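# Got a sequence here, can you build the structure:
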Amino acid sequence: MSTPDAAPMTSVPSPSPSPLPSASASAPGGPQDAQGAQGAPGGSGRFGSFGPVGLVLAGCVSVQFGGALAVTLMPRAGALGVVSLRLLVAAIVLLVVCRPRLRGHSRADWGTVVAFGVAMAAMNGLFYQAVARIPLGPAVTLEVLGPLALSVVASRRAVNAVWAGLALVGVFLLGGGGFGGLDGAGAAFAVGAGAMWAAYIVFSARTGRRFPQADGLALAMAVGAVLFLPLGIAESGTKLADPTTFGLGAAVAVLSSVLPYTLELLALRRLPAPTFAILMSLEPAIAALAGFLVLSQSLAPLELVAIALVIAASMGAVRTQIGRGKPPAPRLDS
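Below is the predicted model:
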């Protein structure tokens, strides 16, 4: 399981967690590579038979239902404990599959991958603190403001002020005209997770340029796991070693990281990156659905309108980025 080297990521990626920092339309093996599109391993077969759009949507569903499962696990292990288990299991899987080289890297290379791991750990930690306090749909909607803001700033086009304004209107409605309807700390954690998501995008691109295939991702995931494990142990202690808790944590890691990573990698071999990014913009809606079905988190009509506005802003920013010839690249881990 590997990905091509990353292109700069200044577009609006998906608002949810699963690791793929290094796929782009212009990279070898990406959607514009005929060999990758038609003859790459995994481009067809059991998963490929669903079609690239189906694979992306399946990955989105997996991510958000993994997030919902994580919320149900929090009473057993706490938010920090769940993050620790998820990062630990995902790191073990990626290290075993990718087997990254540890030698031959410069100090700058290691500095970049450590920064990437810190951003990843902070993004996950803040997001899980958010969903422990506010519904999943609004949390993902607020989180996507980070990459949306990065896209608007990077594009430097006047039309992006429209998308930024649309997103702000959505956020205003989501907060009931002042966030009286949402827990203030939960909303702040979600916005903080969005800021770390923007940092994740920057450092994932730099890591992809310095490390081959998915080596940098595997190493960064290991950094995040090492950083978070003491926090999880401090909060949950021996509860993390409980077989049921560990098993559920492993399921969260598979649903939120390993499975979406695989599905989206397969999809990117045959799906144009702009289409991929637009599909990923639907994740706040999928998160709201997961929250409703798994956690019985119902949303008021005004909150649904707010989520729709943020999705529209995200899609608009993606289209603007495409118009400048910058293919969007995904983010997959939060």
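
# to the chain's geometric centre, what's the distance from the longest helix seen in the chain?
Ranked by number of residues, the top helix in the chain under DSSP state H is helix 52-98. Offset of helix 52-98 from its chain centre (Cα atoms, centre = their mean, to the nearest Å): 10 Å.

# What is the very next helix or strand once past that helix packed up against?
Moving toward the C-terminus from helix 52-98, the next helix or strand (DSSP states H and E) is helix 107-131. Under the contact criterion of 3 or more Cβ pairs under 8 Å, 6 or more residues apart in numbering; DSSP states H and E, helix 107-131 touches helix 52-98, helix 136-143, helix 184-210, helix 215-236. Quick note: C-beta positions are derived from backbone N, CA and C, even for glycine.

# Could you pull up the mean pLDDT of the longest helix of the chain?
For helix 52-98, mean pLDDT is 91.

# Kindly calculate the angle that that helix makes with helix 184-210.
For helix 52-98 against helix 184-210, the angle by axes from the mean of the first three to the mean of the last three Cα atoms, to 10 degrees is 70 degrees.

# tilt between helix 52-98 and helix 136-143?
Counting by the same axes, to 10 degrees, helix 52-98 lies at 80 degrees to helix 136-143.

# Now for Leu299: which residues touch it?
Pro135, Gly137, Pro138, Ala288, Gly291, Phe292, Ile307 (Cβ atoms under 8 Å, 6 or more residues apart in numbering).

# let's see 10 Å
Shown in contact with Leu299 (Cβ atoms under 10 Å, 6 or more residues apart in numbering): Pro135, Leu136, Gly137, Pro138, Leu174, Ala288, Leu289, Gly291, Phe292, Val305, Ala306, Ile307.

# buried set for stretch 289-305?
Using 16 or more other Cβ atoms under 10 Å as the test for burial, stretch 289-305 gives Leu289, Ala290, Gly291, Phe292, Val294, Leu295, Gln297, Leu299, Glu303.

# Where does the third one sit, in terms of helix or strand?
In this structure, Gly291 is located in helix 283-295 according to DSSP H and E.

# Quick one: work out the angle between that helix and helix 136-143.
Using the same axes, to 10 degrees: helix 283-295 against helix 136-143 is 150 degrees.

# if we can go back for a sec, ok, the buried residues of stretch 289-305 vs Val97, which is closest?
Proximity of the buried residues of stretch 289-305 to Val97 (Cβ to Cβ) peaks at Ala290, which lies at 26.6 Å.

# Could you double-check that that closest one lies in contact with Leu69?
Yes: counting by Cβ atoms under 10 Å, Ala290 touches Leu69, with 9.1 Å between them.

# what's the neighbour count on the residue nearest to Leu57 when sequence neighbours are not counted?
Using Cβ to Cβ, 6 or more residues apart in numbering and skipping residues adjacent in sequence, the residue nearest Leu57 is Leu279, 6.6 Å away. Look at Leu279: counted by other Cβ atoms under 10 Å, it has 23 neighbours.
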